[in-house]
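Novice: Fold the following for me, if possible:
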Amino acid sequence: MEEQTQVNTENIEMNINADADIPGNTHLSNPMEESDPTLEKLEIDLQEQKDKYLRLFAEFDNYKRRTAKERMELIQTAGKDIIVSMLDVIDDCERAEKQMQASEDLAQIKEGNQLVFNKLK
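Specialist: Alright, predicted model coming up:
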């Protein structure tokens, strides 16, 4: 029985080695002797696509950061312009209040209030 198993093992080894010698067959244990030009081209294309993807991703990330920063600046400075324009009107209202207490002439008070109201428009 052992002899028959040994003979079968030798036959299998011969068959495996015989298949490796047939032209057109590639054996898994043998590295490729000649590189396939289409494979190289595909690898180069893959690297180019990966590079393009990474650059596009980085560009989009920078775009998101930039727009978020611009939005925050806009929010912070949007109220500033309104407040600055309102300072003159507030000053005029304070002057009109003082004038109402000091003056008894109703026509001047009406005129002053009308000027302040026009500034608000």
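Novice: Now do the contacts for residue 117.
Specialist: The contact partners of residue 117, taken as C-beta atoms under 8 Å, 6 or more residues apart in numbering, number zero. Placement of C-beta: from N, CA and C, glycine included.
Novice: Likewise for residue 96?
Specialist: Applying C-beta under 8 Å, 6+ apart as the definition, the contact partners of residue 96 turn out to be 109, 112, 113, 116.
Novice: give me that answer again for 6 Å
Specialist: Contacts of residue 96 were listed using C-beta atoms under 6 Å, 6 or more residues apart in numbering, and they are 112, 116.
Novice: any idea how far it is from residue 81?
Specialist: With distances defined as C-beta to C-beta, to the nearest Å, the gap from residue 96 to residue 81 amounts to 24 Å.
Novice: what's the longest helix in this protein?
Specialist: Of all the elements of type helix in the chain, the one with the most residues (DSSP state H) is helix 37-102.
Novice: Low-confidence stretches in this protein?
Specialist: 1-34 (pLDDT under 70).
Novice: residue nearest the centroid of it?
Specialist: Nearest to the mean C-alpha position of the chain, by C-alpha atoms, centre = their mean, lies residue 61 at 2.2 Å.
Novice: Great, nothing more from me.
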